[in-house]
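J.: predicted model follows, preceded by the sequence.
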Amino acid sequence: MRLSELANPSRFNALAERLLPWLVVATVLAFALGLYQALFVAPDDYQQGATVKIMFIHVPSAWLGMLGWALMAVAALGTLVWRHPLADVAMKTAAPIGAAFTLICLVTGSLWGRPTWGTYWVWDARLTSVLILFLMYLGVIALWRTVEDPSRAARAAAILTLVGAVNLPIIKFSVDWWNTLHQPASVLRLGGSTIYPTILTPLLITAIAFTLLFVTLHLMAMRNEILRRRVRTLRLMRAAAANP
Amino acid sequence: MSVPVDLGPHAGFIVAAYAIALAVVAGLVAWIVLDHRAQLRILADLERAGVTRRSAAREEV
Amino acid sequence: MAALSALLRRDIRLAARVGGGALMGVLFFLIVVAMVPFALGPDLALLARTGPAILWVGALLASLLALDRLFAADHEDGSLDLILMGRAPLELAVAAKALAHWLTTGVPLVIAAPLLGLFLNLAPAAIGAVALTLLVGTPALTCIGLIGAALAVALRRGGLLVPVLVLPLTVPVLIFGVAASNAALAGPVPFGTPFTVLVALTLASVVVGPFAAAAALRHGLD
């Protein structure tokens, strides 16, 4: 129980209250700088023209979609090994945020594919893996929404998350293999060419901005979830008091 | 919409990609902020109704 | 060991008796595959080309849909609690149940596949390849589905949720199963390459599946 006192939910909320204003400011600044660099400083690609600007939101959101699952997997270990309620909260709230970034990655990838490949959707290895990641996010969210008791839902979700974390690299590998089998290599690969520093710097800045956004939203969502659980406990107490 | 840089022949796709990303993030932020307000309101209601808070908050999340 | 073989025999007997689902999976498989030509049209060349894929998707759905009651039924009549309390390790007991399920559901699918291959105008070599890949691949499907079945007990809810959770995890098995079948037919890669990967996937899921399912049962029932 010492660990749970150390990261007691009330103290976590107090800490979040103090951190959040700074995080919001940092996120806004990083986005201002990153988007300025991406839109006005970064040069156009000699092959793809201005559409390369989509990369500055597409690649960071793909990275955060994967980071979200990694975060859930770490939290899942916290749930199963230490049974820490804060780990449950972190795991639950990461799912919708990770899913949202994965969705952004899919949609922007599709909008990038239309001018580059000529269709909105190509069963490209990377897009396909991200699609499966998105479906798995939806599955986890559906699982959280199915079970009412939060700690029971947390343990089921933790096992699914860990199995998914083991499986995701295998899925990625098999989709890569499947894709090279089915598609000629002549397709223009996104990001396949070497990236020049003039494009890499804005990309790194937007990646940092997106990561800050993720952390901020995740902290806010965790704070909400802690409040929601407190509401649940209070309601249960009231019901128990009214009906001894 | 006047964009000061030339986005080339595929400007629509670029603008759409940025707009959709913005919309998804805005939706996420709106959901989280509204959820926060709703939870605080319910907690305040419960407290006004006399359901104690500190003791409950300690043992269960 | 005696407890495990008793569990195995019990599960096989339950599946074979009235009310058991041993042949339901094959029936479902048969019907799904029979529906496909109505959707694709009776073009025999097209069916021959897509045949391995159709058979694999049919087998995937049949083996997963049959699974979601695997632990739920035991949970309802209380025998799951006995298994949990028994001296045999839960992982092995779960593996024994998986083996019983595979023998009663997976093996009939493998046996039915050549017959359905004839319906789909597959060449004899392709029929052999599909049957062989299904024989090797269905244990992986059972063991991945096992996790979903154990979660269904913890969630107290079955239905569509379990396939939604489990199907994305079966993507690698599907890819390499169909790829190996197609490779035997005309593929650019030799049959052995995807086939050995499929074997590896099966071995890995046979290891991971019972452990994850046992963990889900332990955490879901206390």
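T.: All right, it came through fine.

J.: from B:Leu46, how far out is A:Arg230?
T.: Distance, A:Arg230 to B:Leu46, using C-beta to C-beta, to the nearest Å: 9 Å. To be clear about C-beta, it is placed using only N, CA and C from the backbone, and glycine gets the same treatment.

J.: okay, those two: which has more neighbours?
T.: Taking neighbours as other C-beta atoms under 10 Å in any protein chain shown, A:Arg230 and B:Leu46 compare with A:Arg230 leading, 22 against 19.

J.: per-residue confidence at the residue lying farthest from the centre of chain C?
T.: Centroid-distance maximum for chain C: C:Asp43 at 29.0 Å, with C-alpha atoms, centre = their mean. At C:Asp43, the model reports a pLDDT of 84.

J.: how about B:Ala44?
T.: Here, the pLDDT recorded for B:Ala44 equals 88.

J.: for C:Pro139, same thing?
T.: 93.

J.: how many residues are close by it?
T.: C:Pro139 has 22 nearby residues by other C-beta under 10 Å.

J.: now the spatially most central residue of chain A. Nearest residue, chain neighbours left out?
T.: In chain A, the C-alpha nearest the mean C-alpha coordinate belongs to A:Gly98, at 2.4 Å (C-alpha atoms, centre = their mean). In this structure, A:Gly98 finds its nearest non-sequential neighbour in A:Gly68, 2.3 Å apart by C-beta to C-beta, 6 or more residues apart in numbering or on different chains.

J.: what's the neighbour count on B:Arg48?
T.: 8.

J.: ok, now how distant is it from B:Ile42?
T.: 11 Å.

J.: equivalent analysis for C:Ala149, please.
T.: C:Ala149 is 37 Å from B:Ile42, by C-beta to C-beta.

J.: all helices of chain C, in order?
T.: Assigned by DSSP state H, the helices in chain C fall at C:2-16, C:24-40, C:44-65, C:72-77, C:79-85, C:90-101, C:107-119, C:124-155, C:161-166, C:171-185, C:192-221.

J.: and A:Gly78, which of these is closest to it?
T.: Nearest of the helices of chain C to A:Gly78, taken as C-beta to C-beta: helix C:192-221 at 13.6 Å.

J.: would you mind finding the longest helix in chain B?
T.: Max-length helix for chain B by DSSP H is helix B:11-48.

J.: list the buried residues for it?
T.: Within helix B:11-48, the residues scored as buried using 16 or more other C-beta atoms under 10 Å in any protein chain shown are B:11, B:13-14, B:16-18, B:20-21, B:24-25, B:28, B:32, B:35-36, B:39, B:42-43, B:46.

J.: show me what it packs onto, helices and strands only.
T.: helix A:55-77, helix A:85-117, helix A:197-242 (3 or more C-beta pairs under 8 Å, 6 or more residues apart in numbering or on different chains; DSSP states H and E).

J.: and the pLDDT for residue 61?
T.: Answering for chain A, as no chain was given. 91.

J.: let's do chain C instead
T.: 90.

J.: likewise for C:Gly19?
T.: The model's pLDDT for C:Gly19 equals 65.

J.: okay, and the helix or strand of chain A with the least pLDDT?
T.: helix A:2-6 (a mean of 47; mean pLDDT, DSSP states H and E).

J.: now the element after that one, going C-ward?
T.: helix A:9-36 (DSSP states H and E).

J.: so, in contact with chain B or not, that following helix?
T.: Yes. Using C-beta under 8 Å from any C-beta of the partner chain, we find that helix A:9-36 touches chain B at A:9-10.
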